[in-house]
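Engineer: Fold the stuff below for me.
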Amino acid sequence: MVAPADRGGDARRMTEAPLVSIILCVRNGMPHLRDAVDSVRALSYRRFELVVQDGASTDGTREYLAAIDDLPSISIVSAPDTGIGQGFNRALQRCAGDIVGSVDADNVLRPDALATIVRRFQEHPDAAVVYGACHMVDANGRFLHSWTPPEFDLLGLIDGAVVPPFATSFFARARCGADLSFDESFRTVADFDLWLRLSHLEIVRVPDVIADVRVGEQSSTWQAGNYDNQSAFKIRALEKLFAGPARERVLAKLYERAEAGIYLWAVDSMTVIAGGQAQIDRYFERATKTDLRSERFRDVIARARPRLPASDPTLGARLLDCGVEYIERCRPEIALVYFEYLKAAGFEHPDLETWIERARKDRWDAETQTGVAQHLQNEVNRRDRLIAEKSAWWSNEVVVRDAIIDDLRRQLEWMRSGWRRFVIRWPQPPSRPESRG
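Structural biologist: Below you'll find the model as predicted:
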């Protein structure tokens with residue numbers, strides 16, 4: 001395991017140019033492995049090492065890795081392992097960096113990823129983990145959409161709403177200490193267990209895009225048959241959490257969230273009974289530990305319009321981040337709740353007006369598209385109704401025609417069967433006697 005280092009020495013290294021260890025665990029990673037390594041080659045921050053742990057590949061992976069000779073530092077070990085957890089732990093033992101991150105064979109790091117991570121650690125010297133956003137790409141590397149994960153929240157992690165993407169997560173080894181390792185008994189979702197064990201530390205979400213993450217049928221989360229195991233192992237991780245000393249910490253978080261929820265109820269009540277702005281603001285100051293992404297919170301700030309509390313100077317930026325997240329999730333109507341509240345509350349940010357315009361435009365586009373789609377659907381329904389009516393009319397005409405034909409056929413048969421009764425035989429004229437000459 002990694003022993004904790006001196007915190008002061010760690011802080012000094014973070015202000016300089018820390019060494020970053022990039023772990024690459026792979027087994028039969030071709031052909032996408034080439035893209036992953038190329039992304040490491042393209043990194044603008046050059047003080048890094050690539051630590052490769054190969055799980056005894058048989059598809060040419062080992063040969064490809066052995067031929068790499070143009071990286072600042074690379075170490076490669078190939079040996080059978082029991083899975084990604086054991087592979088990661090083995091690689092971690094060989095890491096020399098102050099910061100540790102990873103790149104999967106299916107993913108790629110952005111060129112400025114390490115420079116961004118080092119800068120963010122310097123901005124947050126107490127952070128144990130920094131994680132960022134990512135671009136989702138398909139099997140061919142084509143861009144699908146961006147994803148900015150929510151801020152870290154223990155209660156959100158526990159109920160599965162917030163799990164930081166491991167592909168964009170970097171760890172300060174000295175601050176994480178011995179907890180920076182996978183439980184090798186977890187055959188899947190070992191990162192969920194890791195986040196639970198690190199949840200008492202400062203974990204910082206940043207908006208920067210750190211990596212491109214490949215998704216599709218090759219991803220374990222796209223295989224429906226995997227979810228029984230994944231759910232079971234997540235529940236097992238929760239059982240570990242609540243059976244250990246962290247139980248009290250979780251209960252404290254639950255109490256904090258519940259207390260904030262009660263004060264949020266008081267804010268809403270002051271709005272209903274006209275209790276006054278001072279009372280609204282006083283209660284709101286105690287309610288900011290609630291779930292800022294909940295529908296209940298949005299409803300309250302939209303109605304009560306409380307002032308931003310001076311005691312929580314980060315609240316405005318956090319609410320702005322919430323709005324940006326919903327923009328990226330194509331929910332501009334929700335994003336506008338945050339943006340318009342911040343504008344009404346006098347929050348100053350150079351991009352706030354830009355975000356408001358973007359959200360309004362996205363909402364108008366969505367409503368327009370919905371309106372056009374509804375109009376087209378109405379036209380399709382109208383066409384189908386006309387076709388059905390015409391089909392019914394023609395069906396009725398066919399029935400009438402068939403009835404007429406059947407009646408004519410019956411009359412014809414009747415006439416044929418009784419025709420001789422109506423034959424008129426005209427009398428023959430008398431024959432003239434033959435003349436004799």
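
Engineer: Next, Glu256: secondary structure please.
Structural biologist: With DSSP: H, G, I helix; E, B strand; the rest coil as the basis, the three-state label of Glu256 is helix.

Engineer: Measure how buried it is and give me the count.
Structural biologist: Around Glu256 there are 14 other residues, counting by other CB atoms under 10 Å. C-beta: built from backbone N, CA, C; applies to glycine.

Engineer: Can you tell me, leaving aside adjacent residues, what's nearest to it?
Structural biologist: Closest residue in space to Glu256, ignoring its immediate chain neighbours: Lys289 at 5.2 Å, by CB to CB, 6 or more residues apart in numbering.

Engineer: Just the endpoints, please. Distance across stretch 321-334?
Structural biologist: Chord length of stretch 321-334, first to last residue, is 12 Å (CA to CA, to the nearest Å).

Engineer: any residues touching it, and which ones?
Structural biologist: Stretch 321-334 is contacted by residues 145-148, 150-151, 207, 292-293, 298, 335-339, 342, 355, 358-363, 366 when judged by CB atoms under 8 Å, 6 or more residues apart in numbering.

Engineer: Of all the residues in that stretch, which ones are buried?
Structural biologist: By 16 or more other CB atoms under 10 Å, the buried positions in stretch 321-334 come out as 321-327, 331-332, 334.

Engineer: Distance to Ser185 added to the residues you listed, as CSV?
Structural biologist: As requested, the buried residues of stretch 321-334 are arranged in CSV below (distance: CB to CB, whole Å):
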residue, distance to Ser185
Asp321, 36
Cys322, 37
Gly323, 41
Val324, 38
Glu325, 34
Tyr326, 38
Ile327, 40
Arg331, 39
Pro332, 44
Ile334, 40
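
Engineer: which ones among those residues are found in helices?
Structural biologist: Within the buried residues of stretch 321-334, membership in helices is found for 321-327, 332, 334, as judged by DSSP state H.

Engineer: what are the ranges of the strands in the stretch 101-250 of the chain?
Structural biologist: Remark: strands of the stretch 101-250 of the chain, listed N- to C-terminal, are 108-109, 129-137, 143-147, 169-172, 203-214; assignment by DSSP state E, counting those that start in this stretch.

Engineer: what about the residue most central in space within the chain, distance to His135?
Structural biologist: Closest residue to the average C-alpha location of the chain: Trp147 at 6.2 Å, with CA atoms, centre = their mean. As for Trp147, its distance to His135 is 8 Å (criterion: CB to CB, to the nearest Å).

Engineer: Next: Asp106.
Structural biologist: Separation of Asp106 from His135 (CB to CB) stands at 13 Å.

Engineer: More neighbours: those two, which one.
Structural biologist: For Asp106 versus His135, the count of surrounding residues by other CB under 10 Å is larger for Asp106: 21 against 16.

Engineer: confidence score at the more buried one?
Structural biologist: Asp106 is assigned 91 on the pLDDT scale.

Engineer: on that earlier part again, of the buried residues of stretch 321-334, which is the nearest to Arg120?
Structural biologist: Nearest to Arg120 among those, counting by CB to CB, is Asp321 at 14.3 Å.

Engineer: Arg34: what's it in contact with?
Structural biologist: Listed by CB under 8 Å, 6+ apart, the contact partners of Arg34 are Tyr64.

Engineer: Apologies, that question was intended for Ala287.
Structural biologist: By CB under 8 Å, 6+ apart, the contact list for Ala287 reads 260-261, 263-264, 266-267.

Engineer: how does it look with 7 Å?
Structural biologist: Ala287 makes contacts with 260, 263-264, 267, as judged by CB atoms under 7 Å, 6 or more residues apart in numbering.

Engineer: Give me the three-state assignment for it.
Structural biologist: Reduced to three states by three-state DSSP, Ala287 is coil.

Engineer: Identify the residues contacting Glu63.
Structural biologist: If you count contacts by CB under 7 Å, 6+ apart, then Glu63 has nothing around it.

Engineer: separation between it and Pro165?
Structural biologist: Between Glu63 and Pro165 the distance, using CB to CB, works out to 30 Å.

Engineer: now Arg90
Structural biologist: Taking CB to CB as the measure, Arg90 falls 23 Å from Pro165.

Engineer: what about stretch 361-369, distance to the chain center?
Structural biologist: Computed by CA atoms, centre = their mean, to the nearest Å, the chain-centroid distance of stretch 361-369 equals 21 Å.

Engineer: buried ones in that stretch?
Structural biologist: For stretch 361-369, burial by neighbour count (16+ other CB under 10 Å) applies to 362-363.

Engineer: Now do the helices in the stretch 151-300 of the chain.
Structural biologist: Taking DSSP state H, counting those that start in this stretch to define them, one finds helices in the stretch 151-300 of the chain at 154-158, 173-176, 190-198, 227-243, 246-272, 277-285, 295-304.

Engineer: JSON lines please, covering these and showing distance to Thr314 and mean pLDDT.
Structural biologist: Below are those laid out as JSON lines (distance: least, CB to CB, whole Å; pLDDT from 0 to 100):
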{"stretch": "helix 154-158", "distance to Thr314": "18", "mean pLDDT": "93"}
{"stretch": "helix 173-176", "distance to Thr314": "21", "mean pLDDT": "96"}
{"stretch": "helix 190-198", "distance to Thr314": "21", "mean pLDDT": "96"}
{"stretch": "helix 227-243", "distance to Thr314": "27", "mean pLDDT": "93"}
{"stretch": "helix 246-272", "distance to Thr314": "15", "mean pLDDT": "94"}
{"stretch": "helix 277-285", "distance to Thr314": "13", "mean pLDDT": "96"}
{"stretch": "helix 295-304", "distance to Thr314": "16", "mean pLDDT": "95"}
